[in-house]
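J.: no FASTA, just this:
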């Protein structure tokens, strides 16, 4: 089984119109997966792009549920509207996958996960496991979450993937990005890292000046590397360009162009 | 806590255009609930109406997943399209409730329930219970389901409610219908039954010639009475007209017009 993460920047332009969706790119991704299905099982997790992020930011969902009734009421509305925006993104994915004859099935992240300070504290994978047995392709997404510490929070697609990888131990986790993989430094400045072993990640994090909680000046790369380090304990991890046709296929086959992280 | 079932015939005309939605009626229902919230906690479960039923029927979802790959592939697509149609109905409900300042939150039925021959075999209520604690109004719906016996099936809104009532023991379960309640015989022919005790239901089922599995000539009334009998063991049950303003309020207060079933 292979988990594919479709980053927000791959299917949507955060600086573009609200809820813009690059159907052509997603159809191409689906078509590449269709070449390996049903021989290969897949789970897909997508990010928010121009769908979830504006609402989540507008209502300050990450701040949690405040104590006074008035402010909490507004946050609850923001929480539900953020989820609905993510469902709209998700519906486009389902549409794209079905158009390529893949039985993608929507699973609402916020219906099965509960977080504690944004990390998964509880997850019910019964439906996902049964979907896989029946040869469906579960499609999850970064979403709002009920949170044991803060009342409400955001559960990122990357966190969902780390949890799924730990519980289901896929043979491969492929992160689709809008760049070719992990670079030494900022994309376009340093060279692309084509092969990385799990042991080398700590040194790399230090080189990038990534702190534990971390302000992240290199385009979210600190967080990605930290998650990759966890996942590489069970699964091979790939970072490839989701905007370039063929790159996903290469990662699925194992001879692709991008960054490969081995355990 | 009160569970409100909004029947498909209340918000949608099955013989009308595809995916027609009576926003005015649903806004009125939401407004009546808003008069009791947050003093009262609610769970809402809605049916399919012109959204889920056509797809479910077209693809024969209730027949389960067949053995041969070709037919099963088509069923999987139908399964996912039926769920997406229900999500579109659900999005309209969330829109209506939020417009009336109620923090309704969508929970995907098929993400948390697994059935066995259409009856709930597994349900994960963690998210629903936590939503209630935080004063959200969970909104579920009749949906497709993964099924231990048949692979796939349909889980009706009424079955969801029976399960929720058994697990959460609400003080009241209110079924909104497009008629005034349960009648002796067909609506419009016999008189309305205003008070019913749980013990009287078996005799009534016999009078209606309801069989155990049941062809149902009286507009689904056999099934409704059977579920009501189960639920009345823990909760007061009301059947009221969801199309007539004020009837829901009456049932919530306890002095309303319709059929009241006591344990």
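T.: Arrived safely, thanks for sending. These figures come from a predicted structure and were not determined experimentally. Numbering: from 1, shown residues only, chains lettered A, B, ... in the order given.

J.: Quick check: residue A:95 vs chain B, distance?
T.: Going from residue A:95 to chain B by CB to the nearest CB, to the nearest Å gives 8 Å. For the C-beta atoms, the positions are set from N, CA and C on the backbone; glycine is no exception.

J.: Please apply the same query to residue A:184.
T.: For residue A:184, the distance to chain B - CB to the nearest CB - is 41 Å.

J.: Quick check, that residue in contact with residue A:200.
T.: No: Residue A:184 is beyond contact range of residue A:200, at 11.6 Å (criterion: CB atoms under 8 Å).

J.: Neighbour count for the two, which is higher?
T.: Neighbour totals were compared for residue A:184 and residue A:200, and residue A:200 leads with 15 against 12 (other CB atoms under 10 Å in any protein chain shown).

J.: For the more buried one, give me the pLDDT.
T.: On pLDDT, residue A:200 comes in at 94.

J.: One more: residue A:187?
T.: Reported pLDDT for residue A:187: 67.

J.: next one: residue A:55
T.: Reading off the model, residue A:55 has pLDDT 88.

J.: Equivalent analysis for residue A:222, please.
T.: pLDDT, residue A:222: 85.

J.: so it sits right up against residue A:210, yeah?
T.: Yes: here residue A:222 reaches residue A:210: they are 3.4 Å apart, a contact under CB under 8 Å.

J.: Looks to me like residue A:243 is in a helix.
T.: No: under the criterion used here (DSSP: H, G, I helix; E, B strand; the rest coil), residue A:243 is coil, not part of a helix.

J.: unless I'm mixing things up, it is touching residue A:11, no?
T.: No: between residue A:243 and residue A:11 there is no contact under CB under 8 Å: 9.4 Å.

J.: So for these two, which sits in the more crowded spot?
T.: Each of residue A:243 and residue A:11 has its neighbours counted (other CB under 10 Å); residue A:11 has more, 29 against 18.

J.: residues contacting the more buried one?
T.: Residue A:11 is in contact with A:21, A:22, A:25, A:26, A:46, A:49, A:89, A:93, A:242, counting by CB atoms under 8 Å, 6 or more residues apart in numbering or on different chains.

J.: go with 10 Å
T.: Applying CB atoms under 10 Å, 6 or more residues apart in numbering or on different chains to residue A:11 gives the contacts A:20-26, A:29, A:46-51, A:89, A:92-93, A:96, A:176, A:178, A:242-243.

J.: Residue A:52 now?
T.: A:8, A:12, A:19, A:46, A:61, A:81-90, A:141-144, A:154, A:156-157.

J.: Could you give the backbone dihedrals for the residue lying closest to it once chain neighbours are set aside?
T.: With sequence-adjacent residues excluded and distances taken as CB to CB, 6 or more residues apart in numbering or on different chains, residue A:52 is closest to residue A:86, at 4.6 Å. Backbone geometry at residue A:86, expressed as degrees, to the nearest 10, gives phi -70, psi -40.

J.: show me where pLDDT drops low in the stretch 151-263 of chain A?
T.: A:187-188, A:212-219 (pLDDT under 70).

J.: Quick one: the helices in it, in order.
T.: Shown for the stretch 151-263 of chain A, the helices assigned by DSSP state H, counting those that start in this stretch span residues A:157-168, A:201-207, A:221-231, A:247-253.

J.: same deal with the stretch 1-150 of chain A?
T.: Counting by DSSP H, counting those that start in this stretch, the helices of the stretch 1-150 of chain A are A:8-11, A:23-34, A:49-58, A:69-99, A:109-112, A:126-133.

J.: what's the least confident stretch among those helices?
T.: Of all those, mean pLDDT reaches its minimum on helix A:49-58 (a mean of 91).

J.: mind listing what's buried in it?
T.: If you call a residue buried by 16 or more other CB atoms under 10 Å in any protein chain shown, then helix A:49-58 has these buried ones: A:49, A:50, A:51, A:52, A:53, A:54, A:55, A:56.

J.: ok, so of those residues, who is nearest chain B?
T.: residue A:55 (12.1 Å; CB to the nearest CB).

J.: The closest one is in contact with residue A:78, isn't it?
T.: Yes: the pair residue A:55 / residue A:78 is scored as a contact, 6.4 Å apart, by CB atoms under 10 Å.

J.: With chain B as the reference, name the closest of the helices of the stretch 151-263 of chain A.
T.: Of all those, helix A:157-168 sits nearest to chain B, with 13.1 Å by CB to the nearest CB.

J.: and that closest one, how far out from the chain's middle?
T.: Put simply, helix A:157-168 sits 9 Å off its chain's centre (CA atoms, centre = their mean, to the nearest Å).

J.: cool, stretch A:239-249 as well?
T.: With CA atoms, centre = their mean, you get 15 Å for stretch A:239-249.

J.: cool, and stretch A:103-121?
T.: 12 Å.

J.: near chain B, which residues of the stretch 101-250 of chain A?
T.: A:101-114, A:122-131, A:133-140, A:144-148, A:151-152 (CB under 10 Å from any CB of the partner chain).

J.: List only buried entries from the contacts of residue A:52.
T.: Buried among the contacts of residue A:52 (16+ other CB under 10 Å): A:8, A:12, A:46, A:61, A:81-87, A:89-90, A:141-144, A:154, A:156-157.

J.: returning to what we had before: relative to residue B:206, which of the helices of the stretch 151-263 of chain A is closest?
T.: For residue B:206, the closest of those is helix A:157-168, at 50.1 Å, according to CB to CB.

J.: Check the gap between residue A:23 and residue B:104 for me.
T.: 30 Å (CB to CB, to the nearest Å).

J.: Neighbour count for the two, which is higher?
T.: Counting neighbours by other CB under 10 Å for residue A:23 and for residue B:104 shows that residue B:104 has the greater number, 24 against 14.

J.: Please name the bridge partners of the more buried one.
T.: Bridge pairing for residue B:104 (DSSP bridges) gives the partners residue B:137.

J.: Correct me if wrong: it contacts residue B:136.
T.: Yes: look at residue B:104 against residue B:136 with CB under 10 Å: they come within range, at 7.5 Å.

J.: anything in contact with each of those two?
T.: Shared contacts of residue B:104 and residue B:136, counting by CB under 10 Å, 6+ apart, come down to A:76, A:80, B:42.

J.: Now residue A:130: closest residue in space that isn't a chain neighbour?
T.: Residue A:130 sits nearest to residue B:146 (CB to CB, 6+ apart), 4.7 Å away.

J.: circling back: let's have the helices of the stretch 1-150 of chain A in TSV, adding distance to residue B:163.
T.: Listed next are the helices of the stretch 1-150 of chain A as TSV, based on distance: least, CB to CB, whole Å:
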stretch	distance to residue B:163
helix A:8-11	36
helix A:23-34	35
helix A:49-58	30
helix A:69-99	23
helix A:109-112	15
helix A:126-133	15
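
J.: Next up, the contacts around residue A:148.
T.: Applying CB under 10 Å, 6+ apart, the residues contacting residue A:148 are A:114, A:115, A:116, A:117, A:121, A:122, B:130.

J.: and the fifth one, how far is that from chain B?
T.: Shown here: residue A:121 relative to chain B, a distance of 10 Å by CB to the nearest CB.

J.: give me the number of residues near that residue?
T.: With other CB under 10 Å as criterion, residue A:121 counts 16.

J.: repeat for the first one
T.: For residue A:114, the neighbour count with other CB under 10 Å is 19.

J.: Okay then, goodbye and thanks.
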